[in-house]
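Asker: need a structure here:
(one chain, ligands or ions: 3)
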Amino acid sequence: MSVKILDHALIKHKLSIMRDKNTSTYIFKQNLDEIAMLMAYEVSKDFPLKLKDIETPVCKTTGYEVDKQIVLVPILRAGIGLVDGFRTIMPNAKIGHIGMYRDEETLIPHEYYARFPSGLESSKVIIVDPMLATGGSAMDAIKAIKDRGAKDIMMVCLVGAPEGVKALQEAHPDVDITLAALDHHLNEKGYIVPGLGDAGDRLFGTD
Ligand SMILES: O=P(O)(O)OC[C@H]1O[C@H](OP(=O)(O)OP(=O)(O)O)[C@H](O)[C@@H]1O
Ligand SMILES: O=c1cc[nH]c(=O)[nH]1
Ligand SMILES: [Mg+2]
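Answerer: Ligands and ions are numbered 1, 2, ... in the order given. As a prediction, this is how the structure comes out:
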């Protein structure tokens, strides 16, 4: 089990643009795409490899091939925003979807959609969501994916709150967490402080 907070100048720069309340939907998504690519690069660096015979224009040699099916699972809605960047770096990833919304009063998540590719038991599953607040949505999504047989799961979020990280670690100690930033706390409405507001609304222009 690990919690990794990516320490990268470009991620800090781009995330600050996303946090700014005056940033447009278009620029918000553009920076999310770019951060997603940087995060995908970081979380994939220890993916298992197998050797592969190849022939360069000069000679025969041995190359490498990623030796695990990758399944990317965005938590709808806001998680969809991380898919394009990840797919750019991992074009062979299959995509599962899980829809969760958080009741605004109780902060309890509700699942409304789930569809996954086959072979979860032998795949590396990367769940993506911009926000890890109370951790409720992530915990339920992980349980739904484990219930379908997945054993190798990582959680990748843009911004996390300490409360959500702790809850997630306790509920699923086998799941590694990667964040672009660990923020200060949750406010009385369950929003991450300083955060970036409601990620889904900022991404899709709803309110
Ligand atoms: O850690 P939690 O307290 O569960 O909060 C985090 C969840 O809240 C947001 O989704 P939201 O419920 O706003 O749905 P949306 O993506 O459709 O806007 C966010 O994208 C996470 O899924
Ligand atoms: O700050 C928060 C907390 C939960 N969900 C969001 O979109 N933003
Ligand atoms: Mg939302």
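
Asker: please report the distance of Asp150 from Gly119.
Answerer: Careful, residue 150 is Ala and not Asp. 10 Å (C-beta to C-beta, to the nearest Å). Where you see a C-beta, it was placed from the backbone N, CA and C, and this is true even at glycine.

Asker: common neighbours of those two, please.
Answerer: Common neighbours of Ala150 and Gly119, using C-beta atoms under 8 Å, 6 or more residues apart in numbering, are Val71.

Asker: neighbours of the residue of the chain found nearest ligand 1, just the number please.
Answerer: Nearest residue of the chain to ligand 1: Gly200, at 2.4 Å (C-beta to the nearest ligand atom). Residues lying near Gly200 (other C-beta atoms under 10 Å) number 20.

Asker: where does it sit, in terms of helix or strand?
Answerer: Taking DSSP states H and E as the criterion, Gly200 maps to helix 199-204.

Asker: what's the pLDDT at the residue of the chain found nearest ligand 3?
Answerer: Closest to ligand 3 within the chain is Gly200: 3.3 Å, counting by C-beta to the ion. For Gly200, the model assigns a pLDDT of 97.

Asker: mind listing what it touches?
Answerer: The contact partners of Gly200, by C-beta under 8 Å, 6+ apart, come to 77-78, 206.

Asker: who does the most centrally placed residue in the chain form a beta bridge with?
Answerer: With distances taken as C-alpha atoms, centre = their mean, the residue of the chain nearest its centroid is Val128 (2.1 Å). Applying DSSP bridges to Val128 gives these bridge partners: Pro74, Val156.

Asker: got a list of what it touches?
Answerer: For Val128, the contact set (C-beta under 8 Å, 6+ apart) comprises 36, 72-75, 79, 82-83, 86, 156-157.
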